[in-house]
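Participant: next comes the sequence, and after it the predicted model I'd like to discuss.
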Amino acid sequence: MALEGRMSSRLRSRSKDGGAELSSGSSAEAAAPRRRLGARRRRHKGEPESGASQASALASSPARAPRRAVPVPATPVLTRGTAWRHALLWGLAGVVLVLAAWLGFRAWSARDPESGVQTDAKSAAPLTANAKESSPIRPSSAATPPLSLLSVEGMLARDSRSAQDLGTFANTSNASDTSDAVWPLVRLQSNPAVLVLEFPSLHEQGLALNRAAAFIEKKHSAGGQVLGDAEMQRLLARSGDSVATFYFGHDYSAEQLQRFFDRAQAQGLALNAQERRLQALLQAHGLLNVSNPSAAGRNLALVSFTAIQDDDPATPSDEQVDALRRESTLRHELSHGEFFTDARYRRQCWAFWQHGLSEAERARFRQLLSSMDYDPANEELMVNETQALLMHTPDQRAFNAGSLGLSSAQLEALRDRFRQQQRAGD
């Protein structure tokens, strides 16, 4: 309250006598620095200022000038002409954005879908002759279209042989080179991990896969070596078969096929034309991997069957493939494909072999398969062939109750047991 009174009297004396104000103000200003310095010293020492000193300091400070108002610019009025110009500018900006987005999409779609690298007309130009010879074979997505999905019924309903093929394979067992014939390859619709290859004849199929069969499944396959031509002929003669009748269908996992081709290469064994064609086909569709064999077609399988064909009366073997044998072969081989690629089904088959069959019943299957030159020491092969023969071979010329020395009722009882094991596994 005292501070406010002193300030008011001093301000009234200024307004009455301007000269006295200047005189007293000059002497006050001269003394002000000393007072302010002393005040700072006292504050530094922690001593409070007296009320009179505070009032004198405030009175000696010059009066502040009044604030001037800052003029606010008026908002421009949007006339019809400026509105049209603004709309035009916004429209041009929109066109530029749309064009940039379109160019970006074109650049993204032109990239290599596998590597993500941008491609253009120059980088996609044909290679020179020398570059073609030195570059590794790498099928592109354009050169290798995705395989069709077909059901079993769709595969059986299709006849892959053209009129020219029918003439070519009229005498299939004596056919020499049919490497220009069509080899339809599809995926099983219900399980795309199973690839199905249909050969135009038993002879063509045998040339492509018989040596792989001997290497992977047969007990007399030269101790884990791929057989040469002369050794393969001796194996056929010992089994009483020809190139055409050695197998009516084939089934292998991608890993087994990789081992076959790798072993043949390690032995320096020359492949025939059909084996080379098969190798290229499997590489193109991911079952074989040239650069990284251990990563080849994980959880993929290949099965094969043939088109319908007549028997050759000039040979002792039966080369006939009628509709029933063709269907039975396909269903038999597809069950092998399921065994290779479906872990749940594979566990059910093993459970049936180990717990659903008695030791005597397992011995019956082992004896039958050994008589067919399968390796009886290969336990997984025994399990796989047992499920395919028992449950997926409707042609009784290939398998029946007599094959095991059982009655029809006993065979049906075994099949019921397998179905029960499947339901228990589910």
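Facilitator: Looks like it came in fine. Numbers count the residues shown, from 1 in each chain.
Participant: just checking, next helix/strand downstream of the strand ranked longest in the chain?
Facilitator: As assigned by DSSP state E, the longest strand anywhere in the chain is strand 191-199. Sequence order places helix 202-216 as the next helix or strand after strand 191-199, per DSSP states H and E.
Participant: just the angle for that next one relative to strand 191-199, thanks.
Facilitator: Inter-element angle recorded for helix 202-216 and strand 191-199: 130 degrees (by axes from the mean of the first three to the mean of the last three CA atoms, to 10 degrees).
Participant: what packs against helix 202-216?
Facilitator: Contact partners of helix 202-216 among helices and strands, from 3 or more CB pairs under 8 Å, 6 or more residues apart in numbering; DSSP states H and E: helix 229-239, strand 250-253, helix 254-267, helix 273-284, strand 301-306. The C-beta positions use only the backbone N, C-alpha and C, and glycine is treated the same way.
Participant: need those in TSV (columns: mean pLDDT, distance to Leu381 and mean neighbour count).
Facilitator: Converted to TSV, these look like this (pLDDT from 0 to 100; distance: least, CB to CB, whole Å; neighbours: other CB atoms under 10 Å):
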stretch	mean pLDDT	distance to Leu381	mean neighbour count
helix 229-239	93	17	14
strand 250-253	97	11	25
helix 254-267	95	11	18
helix 273-284	97	21	18
strand 301-306	98	14	27
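Participant: so which of those is nearest Leu390?
Facilitator: Closest approach to Leu390 among the helices and strands packed on helix 202-216 (CB to CB): strand 250-253, 15.7 Å.
Participant: got the CA coordinates for that closest one in CSV?
Facilitator: What follows is strand 250-253, C-alpha atoms only, in CSV (Å, rounded to 0.1, in the frame of the first residue of the first chain):
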residue,chain,number,x,y,z
HIS,A,250,5.7,-94.7,-61.5
ASP,A,251,5.8,-92.6,-58.3
TYR,A,252,8.7,-90.8,-56.7
SER,A,253,9.2,-88.0,-54.3
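Participant: each with direction, which strands does it pair with?
Facilitator: Strand pairing for strand 250-253, using DSSP bridges, gives strand 301-306 (antiparallel).
Participant: give me the contact list for the partner strand.
Facilitator: Strand 301-306 is contacted by residues 193-202, 204-205, 209, 248-254, 257, 282, 287, 321, 326, 329-330, 333-334, 336-337, 340-341 when judged by CB atoms under 8 Å, 6 or more residues apart in numbering.
Participant: moving C-terminal of that strand, what's the next helix or strand?
Facilitator: Counting by DSSP H and E, the element after strand 301-306 in chain order, helix or strand, is helix 323-341.
Participant: could you check the angle that next one makes with strand 301-306?
Facilitator: Going by the same axes, to 10 degrees, helix 323-341 makes 170 degrees with strand 301-306.
Participant: check which residues of helix 323-341 are buried.
Facilitator: 325-341 (16 or more other CB atoms under 10 Å).
Participant: tell me the spacing between Glu379 and Thr386.
Facilitator: 11 Å (CB to CB, to the nearest Å).
Participant: where in the protein is the helix or strand with the lowest mean pLDDT?
Facilitator: helix 129-134 (a mean of 31; mean pLDDT, DSSP states H and E).
Participant: coming back round to it: so which of the helices and strands packed on helix 202-216 gets nearest Trp90?
Facilitator: helix 273-284 (53.0 Å).
Participant: CA atoms of that closest one as PDB?
Facilitator: Output in PDB follows, covering the C-alpha atoms of helix 273-284 (Å, rounded to 0.1, in the frame of the first residue of the first chain):
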ATOM      1  CA  ALA A 273      16.900 -88.600 -74.700                       C
ATOM      2  CA  GLN A 274      13.800 -89.300 -72.600                       C
ATOM      3  CA  GLU A 275      15.700 -89.000 -69.300                       C
ATOM      4  CA  ARG A 276      17.100 -85.700 -70.400                       C
ATOM      5  CA  ARG A 277      13.700 -84.400 -71.400                       C
ATOM      6  CA  LEU A 278      12.300 -85.500 -68.100                       C
ATOM      7  CA  GLN A 279      15.100 -83.800 -66.200                       C
ATOM      8  CA  ALA A 280      14.500 -80.500 -68.000                       C
ATOM      9  CA  LEU A 281      10.700 -80.800 -67.400                       C
ATOM     10  CA  LEU A 282      11.200 -81.400 -63.700                       C
ATOM     11  CA  GLN A 283      13.700 -78.500 -63.400                       C
ATOM     12  CA  ALA A 284      11.200 -76.200 -65.100                       C
END
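Participant: wait, Thr341 sits on Leu334?
Facilitator: No - with contact defined as CB atoms under 8 Å, Thr341 does not reach Leu334; the gap is 10.6 Å.
Participant: got any residues that touch both of those two?
Facilitator: Val194.
Participant: where does the prediction get shaky in the stretch 301-426 of the chain?
Facilitator: Scanning the stretch 301-426 of the chain for pLDDT under 70 picks out 426.
Participant: and if we set it to 90?
Facilitator: Across the stretch 301-426 of the chain, the ranges flagged by pLDDT under 90 are 421-426.
Participant: so what's the backbone phi/psi at Pro313?
Facilitator: Torsion angles at Pro313 (phi, psi; degrees, to the nearest 10) stand at phi -70, psi -10.
Participant: tally of neighbours for it?
Facilitator: 7 (other CB atoms under 10 Å).
Participant: show me what contacts it?
Facilitator: Applying CB under 8 Å, 6+ apart, no residues contact Pro313.
Participant: mind checking how far it is from Gln320?
Facilitator: Per CB to CB, Pro313 is found 10 Å from Gln320.
Participant: now what about stretch 216-226, what contacts it?
Facilitator: 211, 214-215, 227, 231, 235, 238, 252, 256, 259-260, 263-264, 267, 269, 370, 373-378, 381.
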